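Asker: this is the structure alone, sequence omitted:
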């Protein structure tokens with residue numbers, strides 16, 4: 001991981017703290033109070049000593065905001081953070097070799113599950129960990145569930161660009177095809193997609209493989225040609241700034257927090273941070289994928305491909321209305337483009353990642369839709 005003895009610049013605006021996977025009535029702290037308390041702490045002169053590597057270990061759930069008393073903020077260098085987190089976040093998961101790459105895939109339920117198979121696909125810059133609660137409960141409802149970390153993300157392989165994988169849309173589609181074959185998923189299955197970049201690639205894969213999809217559920221993914229692009233991806237496309245940004249170990253958790261209204265608890269923030277702390281690979285993988293992405297073309301494919309006359313399989317759009325990246329109007333306009341096929345379910349209290357913010361409501365919506 002590159003470093004400098006010069007104090008790094010303050011995090012850009014999109015890194016502002018904001019999220020918790022726990023609804024307000026579950027011990028989270030509203031953002032307006034966090035700002036007040038944080039300012040009071042500054043006024044008291046209670047500031048940590050200068051740390052040139054603070055951008056790596058500072059967590060907005062602890063220093064940028066106020067950590068809950070039950071789990072106070074923990075200081076520590078990178079090695080200490082890795083030690084306390086190395087075994088976290090791998091619920092229901094195992095490593096699976098598919099073609100040239102090793103995937104980390106979470107699985108719940110069994111092939112004999114009576115209600116069919118669900119594949120959950122995450123977006124950038126996160127990982128399949130976000131689906132852990134949803135897929136556990138959906139297995140209890142009789143589904144066989146898979147949630148892979150895309151190549152370059154989470155705990156899956158992060159090949160260096162130019163050495164067998166270049167992080168293009170086509171390559172993501174190709175390796176996903178091979179993974180489905182490796183997992184033995186041959187019958188039409190239910191697909192659940194959420195998020196930017198690789199989340200959108202899940203949708204463009206579905207457009208090219210409509211016969212393999214039984215039903216499709218979409219959560220807070222760009223659906224319009226004019227979908228706004230978050231500052232993270234804009235910065236990753238700027239020379240030098242992109243290289244610096246991609247090595248910020250708290251990038252993923254801050255992206256999650258900035259897209260919602262809650263603050264991640266430390267144990268969850270640790271998991272989203274872990275891949276970026278472990279090596280420089282995940283950051284450079286995200287950098288390459290972002291540089292290779294044609295966001296407007298992908299959004300255009302999605303907007304036109306699911307419109308009336310082009311797509312006829314049932315779609316559920318389960319939309320967190322507190323999303324700070326994508327407006328509710330985008331989901332509403334998408335539904336109007338194919339009203340006989342698309343059902344819109346607005347999820348109050350959830351932001352950009354409903355499966356993390358309020359999994360119970362996502363489970364309820366999916367269970368009804370997949371009957």
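Answerer: Right, received. Where do you want to start? All values derive from a computational prediction rather than experimental measurement.
Asker: switch to C-alpha atoms for all contacts and neighbour counts from now on
Answerer: Fine.
Asker: does anything pack onto the strand or helix carrying residue 270? Which helices or strands?
Answerer: Mapping residue 270 onto the secondary structure by DSSP states H and E places it in helix 266-278. When contacts are defined as 3 or more Cα pairs under 8 Å, 6 or more residues apart in numbering; DSSP states H and E, helix 266-278 sits against helix 78-85, helix 251-258, helix 281-292.
Asker: show me which positions of it end up buried.
Answerer: By neighbour count, with 16 or more other Cα atoms under 10 Å as the criterion, the buried positions of helix 266-278 are 266, 268-278.
Asker: residue 222: what secondary structure?
Answerer: Following DSSP: H, G, I helix; E, B strand; the rest coil, residue 222 is assigned to coil.
Asker: if I look at it, how far off is residue 124?
Answerer: According to Cα to Cα, to the nearest Å, residue 222 stands 12 Å off from residue 124.
Asker: residue 356 too?
Answerer: Counting by Cα to Cα, the gap from residue 356 to residue 124 is 14 Å.
Asker: so for these two, which sits in the more crowded spot?
Answerer: The neighbour comparison of residue 356 against residue 124 (other Cα atoms under 10 Å) goes to residue 356, with 25 against 22.
Asker: I figured that one was touching residue 131, is that so?
Answerer: Yes: using Cα atoms under 8 Å, residue 356 is in contact with residue 131, at 7.1 Å.
Asker: other residues contacting whichever strand or helix holds residue 235?
Answerer: Applying DSSP H and E as the criterion places residue 235 in helix 231-236. Outside helix 231-236, the residues within contact range by Cα atoms under 8 Å, 6 or more residues apart in numbering are 13-14, 241-243, 245-246, 255, 287, 290-291.
Asker: can you name the element that comes right after it?
Answerer: Assigned by DSSP H and E, the successor of helix 231-236 is helix 241-245.
Asker: any idea how far residue 149 lies from residue 222?
Answerer: 20 Å.
Asker: so which of the two has more stuff around it?
Answerer: residue 222 (30 against 23).
Asker: could I get the pLDDT score of the more buried one?
Answerer: Looking at residue 222, its pLDDT reads 98.
Asker: taking the centroid of the chain, which residue is nearest it?
Answerer: Taking Cα atoms, centre = their mean, the centroid of the chain lies closest to residue 126, which sits 3.4 Å from it.
Asker: gap between the nearest residue to that one once chain neighbours are set aside and residue 231?
Answerer: Excluding the flanking residues, the one nearest residue 126 by Cα to Cα, 6 or more residues apart in numbering is residue 252, at 5.9 Å. Relative to residue 231, residue 252 is positioned 13 Å away (Cα to Cα).
Asker: who's more crowded, these two?
Answerer: Remark: of residue 252 and residue 231, residue 252 carries more neighbours, 25 against 14, as counted by other Cα under 10 Å.
Asker: got the contact list for the more buried one?
Answerer: Contacts for residue 252 were tallied using Cα under 8 Å, 6+ apart; they are 125-126, 272-273.
Asker: on that earlier part again, tabulate the buried residues of helix 266-278 (TSV), appending distance to residue 105 and pLDDT.
Answerer: Formatted as TSV, those follow (distance: Cα to Cα, whole Å; pLDDT from 0 to 100):
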residue	distance to residue 105	pLDDT
266	23	91
268	18	94
269	20	94
270	19	93
271	15	95
272	16	95
273	18	94
274	17	93
275	15	94
276	18	93
277	20	91
278	19	88
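Asker: name the element the residue nearest to the centre of the chain belongs to?
Answerer: Going by DSSP H and E, residue 126 is not part of any helix or strand.
Asker: with residue 300 instead?
Answerer: helix 295-305.
Asker: touching the next helix or strand along the chain from that helix from outside, list them.
Answerer: Downstream of helix 295-305, the next assigned helix or strand under DSSP H and E is strand 315-320. Residues from elsewhere that reach strand 315-320 (Cα under 8 Å, 6+ apart): 215-220, 328, 331, 335, 341-354, 362, 365, 369.
Asker: any of these buried? List them.
Answerer: Of the contacts of strand 315-320, these count as buried by 16+ other Cα under 10 Å: 215-220, 328, 331, 335, 341-347, 349-354, 362, 365.
Asker: just those residues: which are in strands?
Answerer: When DSSP state E is applied, these are split such that 215-219, 342-347 fall in strands.
Asker: same list (these) but as JSON lines, adding pLDDT.
Answerer: Shown next, in JSON lines, are these (pLDDT from 0 to 100):
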{"residue": "215", "pLDDT": "98"}
{"residue": "216", "pLDDT": "98"}
{"residue": "217", "pLDDT": "98"}
{"residue": "218", "pLDDT": "98"}
{"residue": "219", "pLDDT": "98"}
{"residue": "342", "pLDDT": "98"}
{"residue": "343", "pLDDT": "98"}
{"residue": "344", "pLDDT": "98"}
{"residue": "345", "pLDDT": "98"}
{"residue": "346", "pLDDT": "98"}
{"residue": "347", "pLDDT": "97"}
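Asker: distance to residue 156 added to those, as a markdown table?
Answerer: Formatted as a markdown table, these follow (distance: Cα to Cα, whole Å):
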| residue | distance to residue 156 |
| --- | --- |
| 215 | 26 |
| 216 | 24 |
| 217 | 24 |
| 218 | 23 |
| 219 | 23 |
| 342 | 33 |
| 343 | 33 |
| 344 | 32 |
| 345 | 32 |
| 346 | 32 |
| 347 | 30 |
